[in-house]
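Asks: Any chance you can model this:
(chains A and B)
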Amino acid sequence: MGLFSNEKKVDYDKIVDKMVPDARKEMDESQYDTELGLNMARDARKVISGKLKIEDFHKVYSSSLTKEFGNYYASADGPDIRKGDGPKWAMVIDLKKCVGCDTCTVSCKAENRTPPGISYNVVMESLEGEFPNIKAVNLPRPCMQCDKPACAQVCPTRATYKMENGIVAIDNDRCIGCRYCIVACPYGARSFDFGDSYEQEMQGANDVTSPEYGVERGNREKGKTPIGTVRKCSFCFHRLQRGEEPACVETCIGDARFFGDISDPNSVVSKLAASPRAFRLKEELGTHPNVIYLR
Amino acid sequence: MANLAVDLKEKSTSKTKINLQVSKAFKIWISALTIAFLIGGYFIVERFITGLAATNLSSITPWGAWIAFYIFFVGLSAGSFLLSTLIYVFGMEEYERVGKAALFTAIVCMIVALTFVLMDLGRPERMLNAIIYWNVTSPLAWEVHFYLVYIGLLAVELYIAMREDLVRAAKTNTMKGFVAKLITFKNATINAATKKRDHMWMKILGTIGIPLAILGVHGGTGTIFAVVKARPAWHTALFPIIFVVSAMVSGTALLLAMYIIKKKVQKQPIDQGMVVSLAKLMVGFLIIDLGLQFYEYLIGWYGLETEHLDTLATMMASEKAWSFWIVQMFLGAVIPITIVFWKKTSQNVNALLAAAVLIVIGIIGVRFNIVLPPLVVPVFHELPWGNYAPTIKEWMVSVGVVAMGLLIYSFGELLLPIEETSDEVSHNGK
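Replies: Predicted structure coming up:
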């Protein structure tokens, strides 16, 4: 196409340069050291492109930053490098808002294309009290994505493990199908894939599988992974990768589910988790779930 | 396979003039086992093709008959091994006659147990992952390692226990002699120095084996269940101990039964004094086991925890409670204890044989009652309850695996000097 076009090539970089304000001029106007700012910006770019280590960056600028900002410069005692600086996902479910419609269960099955007998999310319904003073309690139960997961503790092959983003993942290509994790999970959140299929009820049910954990596995076939291994809710990790909320959160008709970064103190989930209404399931077991309920 | 013994005989007689005496009873026994193994083998192959859909297992009750049989055979193995240590380490020579049989039984039972685990895996082809990607916090991964070390130790110990017999047999022109020549060095001899050396090694290996069997193999298998805090009925510190004690019960009972049956079939004299004393030991272990179980149930019941009560109710008061009351308690405890303590039957070899067989059956009930009731009760009351009974396919696979184990044992006994002849008892393993 370019061969036959007479248009002059546009240098987009130059356009951008024109749009961006002059760094030196901006810094001169501020009350802080111009050279320091410019040097830091230059080296920060090096850190991003991998030419400079973040530790070295901190070493170089630590003293001048302390001089410049004094007490405002927080990390005086070395760089604060947390492992997994990204978000730590958590879910809050407001039981007062849940109407027990099972939309989450249905949308979860549709999203993750789970076979018969497997439901990553269920709504446990119970009646409390004596008639006429009776109340229905609907308790949706996805995987709790525990901080101290009993399942990962007992897995003989480390096929199930805790990711930095807080999600408990299963490596279905490593899982040997011993089902110890199903036995050990206090929440019944895990299921074994016996290889059943909806093919009888629905044509083409086996044609597509969900790209769980971002892994495209194509069609569902006899003897093909994940058949013969253990499966569970992954907070719709493949949707998170695209910047979308888990299917159950998105489809909840009563807006009872909230999803976000629990390590960010300003996130909605962090604020709701601090509510006096907040509780977790089977807290006494020390699993520390990342699904928080509001009673 | 049915003709294997005969084939071997023909082949050996034609080529090396080794005479192999196979009794008629042995032929019938091998043929029956082969038929059972072939029928079971069909279902084993089918299970590998269809996967675990061949079972009645579900995500509510993920473990079933095969896991129960797996812990049953681990128990038999650890029990018979510990009995062998009574002989080789603690010098209880009165049980000498079953010493090598105990070691060989321990090996075969471990092979059977691991085969059951293999049957139970959703992805059996990935079994080595438990070694390659060893998770150090997983009791199951530790167990896989312990089992392999344990089988190795048992094999070495059995070889040393048999060494003198092998050297002696290598000079003869029998089938056993032929095998013995294959697995001994040409210059192997028996003298006072080798006797002393063999005896020392038996003691060392037996001593290493005791903690390995108690803490590693069987206590460890109990730990697989005891660490599961999601299931209150398993989650007690007493659980691994009950495992070890019931292993001793079943191991002693199995060896006693095997000894009597073998001697009866071979029409050889039975050492009645040893049988009576072994039966007393067996019932002694059983009574300790019952005592521990009593506390286990009492404390679970007293805690009034819903899930624990539901589990006890499932075990003792559901439609499947017969496996607790009839198999585990009546057949597996009340009758054998009565037989061993009642004056009219306590010296009768046939009655004691019945007691031993009943205890072995009773322990199968114990194993099912360990695995299943806590997995029938769901982790939340609102979730569906499990409803598990093994399918005919699961039973047939189990028959096939057990037949395989018995075949290995029978051929092992045919080809190796495992049986103790009366004159050897006096000077062996002191």
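
Asks: What helices and strands are in contact with the host helix or strand of A:Ile15?
Replies: A:Ile15 is located in helix A:12-19, with elements delineated by DSSP states H and E. Counting contacts by 3 or more Cβ pairs under 8 Å, 6 or more residues apart in numbering or on different chains; DSSP states H and E, helix A:12-19 packs against no other helix or strand. Every residue, glycine included, has its C-beta placed from N, CA and C.

Asks: Give me the contacts around that helix.
Replies: Residues external to helix A:12-19 that are found in contact with it (Cβ atoms under 8 Å, 6 or more residues apart in numbering or on different chains): none.

Asks: Using PDB, write down the CA coordinates of the helix or strand following that helix.
Replies: Once the chain leaves helix A:12-19, the next helix or strand it forms, by DSSP H and E, is helix A:23-29. Once side chains and other backbone atoms are set aside, the C-alpha atoms of helix A:23-29 remain, and they are given as PDB (Å, rounded to 0.1, in the frame of the first residue of the first chain):
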ATOM      1  CA  ALA A  23       9.900  18.900  31.200                       C
ATOM      2  CA  ARG A  24      12.600  21.400  32.000                       C
ATOM      3  CA  LYS A  25      10.200  24.400  31.900                       C
ATOM      4  CA  GLU A  26       7.700  22.600  34.000                       C
ATOM      5  CA  MET A  27      10.200  21.500  36.600                       C
ATOM      6  CA  ASP A  28      11.700  25.100  36.800                       C
ATOM      7  CA  GLU A  29       8.200  26.300  37.700                       C
END
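
Asks: Helix A:23-29 packs against which elements?
Replies: For helix A:23-29, the elements it packs on are helix A:34-49, judged by 3+ Cβ pairs under 8 Å, 6+ apart.

Asks: Which strands and helices lie in contact with the helix it packs on?
Replies: Contacting helix A:34-49 under the criterion 3+ Cβ pairs under 8 Å, 6+ apart are the following elements: helix A:23-29, helix A:54-69.

Asks: Any idea how far the longest one is from the middle of the chain?
Replies: What separates the centre of helix A:54-69 from the centre of its chain is 32 Å, taken as Cα atoms, centre = their mean, to the nearest Å.

Asks: tilt between that helix and helix A:34-49?
Replies: Following axes from the mean of the first three to the mean of the last three Cα atoms, to 10 degrees, one obtains 160 degrees for the angle between helix A:54-69 and helix A:34-49.

Asks: Return the list of helices and strands in contact with helix A:54-69.
Replies: Applying 3+ Cβ pairs under 8 Å, 6+ apart, one finds that helix A:54-69 contacts helix A:34-49.

Asks: Once you drop chain neighbours, what's closest to the residue of the stretch 151-300 of chain B found nearest chain A?
Replies: Ranked by Cβ to the nearest Cβ, the top residue of the stretch 151-300 of chain B for proximity to chain A is B:Ala230, at 3.7 Å. Beyond its immediate neighbours in the sequence, the residue positioned closest to B:Ala230 (Cβ to Cβ, 6 or more residues apart in numbering or on different chains) is A:Pro186, lying 3.7 Å away.

Asks: Pretty sure that neighbour sits against B:Lys229.
Replies: Yes. Assessed by Cβ atoms under 8 Å, A:Pro186 is found in contact with B:Lys229 at 6.7 Å.
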